[in-house]
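# The sequence isn't on hand, but the structure is:
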Ligand SMILES: [Zn+2]
């Protein structure tokens, strides 16, 4: 009988511990989906909250009033076109195009003349 009581008390103690874990401070984090959905996610206070959350619609929802950890360097993938524009303006390119076209025409003329 006394053995059983002791066992019960031990069980009760461990249950209380479980309850403490369950009531760990939580916060609700809100994300706004670009498609207009609002997502509320419960996070433990000490948890690292992601700035983006994938919405059920597949869009990446953005954290509301995000405390941005540190601005990640945006990895912009440069295309050949980007690199070209770093050296040339559109006006330059149009001028080059005109030059090339003029040369092609001149070549055609030369070709016709020698034939
Ligand atoms: Zn959505």
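Nice, thanks for sending it over. Because the structure is a prediction, the values reported are computed rather than measured. Numbers count the residues shown, from 1 in each chain.

# mind listing what's buried in stretch 50-60?
By 16 or more other C-beta atoms under 10 Å, the buried positions in stretch 50-60 come out as 53, 55. Heads up, the C-betas are built off the backbone N, CA and C, glycines and all.

# Ok, stretch 38-49 next?
39, 49.

# Run the contact check for that stretch versus the ion.
No - against the ion, stretch 38-49 shows no contacts by C-beta under 5 Å from the ion, the least distance being 7.6 Å.

# The ion versus residue 63, what's the distance?
14 Å (C-beta to the ion, to the nearest Å).

# can you tell me how far the nearest residue in space to that residue that is not next to it in sequence sits from the ion?
Spatial nearest neighbour of residue 63, chain neighbours left out: residue 51 (4.8 Å); criterion: C-beta to C-beta, 6 or more residues apart in numbering. Here residue 51 is placed at a distance of 16 Å from the ion (C-beta to the ion).

# Show me which residues of this protein sit near the ion.
Going by C-beta under 5 Å from the ion, the residues of the chain near the ion are 33, 35, 37, 55, 57, 59.

# Tell me who's in contact with the nearest residue to the fourth one once chain neighbours are set aside.
Ranked by C-beta to C-beta, 6+ apart and with sequence neighbours excluded, the top spatial neighbour of residue 55 is residue 33, at 4.0 Å. Applying C-beta atoms under 8 Å, 6 or more residues apart in numbering, we find residue 33 in contact with 39, 55, 57, 59-61.

# switch the cut-off to 6 Å
Residue 33 is in contact with 55, 59, 61, counting by C-beta atoms under 6 Å, 6 or more residues apart in numbering.

# Tell me where the protein has strands.
26-32, 38-44, 52-54, 60-63 (DSSP state E).

# would you turn those strands into CSV with mean pLDDT?
Shown next, in CSV, are the strands of the chain (pLDDT from 0 to 100):
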stretch, mean pLDDT
strand 26-32, 90
strand 38-44, 91
strand 52-54, 94
strand 60-63, 94
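
# Show me this protein divided up by domain.
1-69, 76-115 (automatic domain parsing).

# Give me the phi and psi for the residue nearest to residue 63.
Dihedral angles of residue 51 (phi, psi; degrees, to the nearest 10) stand at phi -80, psi -20.
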